[in-house]
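A.B. asks: Quick one: sequence and predicted model below, then my questions.
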There are 2 protein chains.
Amino acid sequence: MTSESSSSNDLEGATTPVGFAHHDHDTCVAEGLAAAETRCEEDSLRFTPVRRKVLEILLQEHRALGAYSILDRLREEGFGSQPPVAYRALEFLVAHGLVHKIERLNAFIACAHPGEKHAPAFMICRMCECVAEAQSAPARGALGAAARATGFRIERTVVEAEGVCPTCADKVTKEVPA
Amino acid sequence: MTSESSSSNDLEGATTPVGFAHHDHDTCVAEGLAAAETRCEEDSLRFTPVRRKVLEILLQEHRALGAYSILDRLREEGFGSQPPVAYRALEFLVAHGLVHKIERLNAFIACAHPGEKHAPAFMICRMCECVAEAQSAPARGALGAAARATGFRIERTVVEAEGVCPTCADKVTKEVPA
DNA sequence: GATGAAACGTTATATAATCACACGGAAGAC
DNA sequence: GTCTTCCGTGTGATTATATAACGTTTCATC
């Protein structure tokens, strides 16, 4: 599921599926790629064409894309078209914090704060499927307390909120006028 | 993945894969079933044999089981053996809060606090795959603040911590003695 | 240039989830 | 009681998501 290769989900023109707030999208793609490039040079990582393309594809959305949607686009661009091509690139990008996996959707999204150390949290709109990234500090709250109490060592956290984004909430109230 | 039908994961005898703390397991299965029964009567829900069996299967573990592992056991017990049988029962149980889905694992676990209203959080051991349920209040922390700031309406949250449970942590330190 | 490690391309396969349709039994209407 | 309707079940088929395995290429290093 997640978001099919075009069709159905054209909402407001697809150019700016928005991460809730408006922003210069072209810039944010360019910046994302530049940040990734810098990051990879610093750490002697190979930012290969496939990896770069996958990140670029993801930066063009503020929604999560399934691996097979990504794969479709790779194919269009002349890259290998078998699942492992996409999955390997995604594995690399996720491992280095440039992309996050949205477990709830079995899908992937470009990191909004590359470079910064962070425990990301996501807000997923069930209506338009857009996803916004926020910070979380799960280890500070009830979960952290439970972990300390039982002796569980937290290495990684998944925090995903599902609900309705402000844009869709507006739309709904307007659509039921009478 | 998750936990195959026996093999490989026999760890400490499989009778008590533990939810970190020791407890009387038979009792906790019986209580879980009883609680579910009560709950279904109260709400006029049909606690059918398949649904009961699936819950019982899950209560016997403190790990998350994949839908197909559950299906295998249903087959052994003479129930239908096609995926929809398991998925429909799981859908019902999840909808009514008797079972939770662990998104990280694409697997399911019996609720540890049926009846109580709760936003569950999970601690998943990457070594033994056991899962413990805790409470969370994600809307109170950084995530909640971000949601309020942007106008996102949270309806449901997924909070899952991956790490190492105390039992496995002990085991590791002991295995590297010299 | 030779060498070893990491990426890639491809085939095949495993795992997870849903669709569509037929059947049967329980609950409410009469 | 009987009819009707709805819900749950059983089954076959299909769609989605993800990984295994293997040979080849590319790159960094010597």
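C.D. replies: Noted; the coordinates are in hand. Residues are numbered from 1 along each chain as shown, chains lettered A, B, ... in the order given.

A.B. asks: State the distance from residue A:124 to DNA strand D.
C.D. replies: 14 Å (Cβ to the nearest atom of the strand, to the nearest Å). (C-beta placed from N, C-alpha, C; glycine too.)

A.B. asks: Now do the contacts for that residue.
C.D. replies: A:64, A:102, A:104, A:105, A:130, A:131, A:160, A:161, A:162, A:163 (Cβ atoms under 8 Å, 6 or more residues apart in numbering or on different chains).

A.B. asks: Phi and psi next, for the fifth one.
C.D. replies: What it means is residue A:130. phi -70, psi 160 (degrees, to the nearest 10).

A.B. asks: what is it paired to in the beta sheet?
C.D. replies: residue A:63 (DSSP bridges).

A.B. asks: And for it, the neighbour number?
C.D. replies: 22 (other Cβ atoms under 10 Å in any protein chain shown).

A.B. asks: now the last one
C.D. replies: Using other Cβ under 10 Å as the criterion, residue A:163 is surrounded by 18 other residues.

A.B. asks: Likewise for the fourth one?
C.D. replies: By the measure other Cβ under 10 Å, the count of residues near residue A:105 is 22.

A.B. asks: so residue A:155 sits in a helix?
C.D. replies: No: under the criterion used here (DSSP: H, G, I helix; E, B strand; the rest coil), residue A:155 is strand, not part of a helix.

A.B. asks: quick one on the thing from earlier: highest neighbour count among the contacts of residue A:124?
C.D. replies: Going by other Cβ under 10 Å, residue A:161 tops the contacts of residue A:124 with 27 neighbours.

A.B. asks: who's in contact with that one?
C.D. replies: Residue A:161 neighbours (Cβ under 8 Å, 6+ apart): A:121-124, B:138-139, B:143, B:147, B:152, B:154-158.

A.B. asks: what do you get for residue A:172?
C.D. replies: Here residue A:172 is in contact with A:127, A:164 (Cβ under 8 Å, 6+ apart).

A.B. asks: can you tell me which helix or strand it belongs to?
C.D. replies: helix A:166-175 (DSSP states H and E).

A.B. asks: Could you do residue A:112 as well?
C.D. replies: Per DSSP H and E, there is no helix or strand for residue A:112.

A.B. asks: Tell me the spacing between it and DNA strand C.
C.D. replies: 24 Å.

A.B. asks: I'd say that residue and residue A:133 touch.
C.D. replies: Yes: the pair formed by residue A:112 and residue A:133 meets the contact definition of Cβ atoms under 8 Å, at 4.1 Å.

A.B. asks: The closest residue to residue A:164 other than its chain neighbours: how many residues sit nearby?
C.D. replies: Nearest non-adjacent residue to residue A:164, counting by Cβ to Cβ, 6 or more residues apart in numbering or on different chains: residue B:153, 4.8 Å away. Using other Cβ under 10 Å, residue B:153 has 15 other residues around it.

A.B. asks: ditto for residue A:159
C.D. replies: Neighbours of residue A:159 (other Cβ under 10 Å): 27.

A.B. asks: Which residue, neighbours along the chain excluded, lies closest to it?
C.D. replies: residue A:121 (3.9 Å).

A.B. asks: same check, this time on residue A:127
C.D. replies: Counting by Cβ to Cβ, 6+ apart, the residue nearest residue A:127 is residue A:168, at 4.0 Å.

A.B. asks: who touches the residue most central in space within chain A in this structure?
C.D. replies: Nearest to the geometric centre of chain A sits residue A:109, at 1.6 Å (Cα atoms, centre = their mean). Residue A:109 makes contact with A:58, A:61, A:62, A:63, A:64, A:65, A:99, A:100, A:102, A:122, A:131, A:133, according to Cβ under 8 Å, 6+ apart.

A.B. asks: quick one: the strands in chain A?
C.D. replies: A:99-102, A:107-110, A:120-125, A:131-135, A:153-164 (DSSP state E).

A.B. asks: Mean pLDDT added to the ones you listed, as CSV?
C.D. replies: Below are the strands of chain A laid out as CSV (pLDDT from 0 to 100):
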stretch, mean pLDDT
strand A:99-102, 98
strand A:107-110, 97
strand A:120-125, 95
strand A:131-135, 92
strand A:153-164, 95
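
A.B. asks: Surely residue A:154 and residue A:139 touch.
C.D. replies: Yes: counting by Cβ under 8 Å, residue A:154 does reach residue A:139; the two are 5.7 Å apart.

A.B. asks: No more questions from me, cheers.
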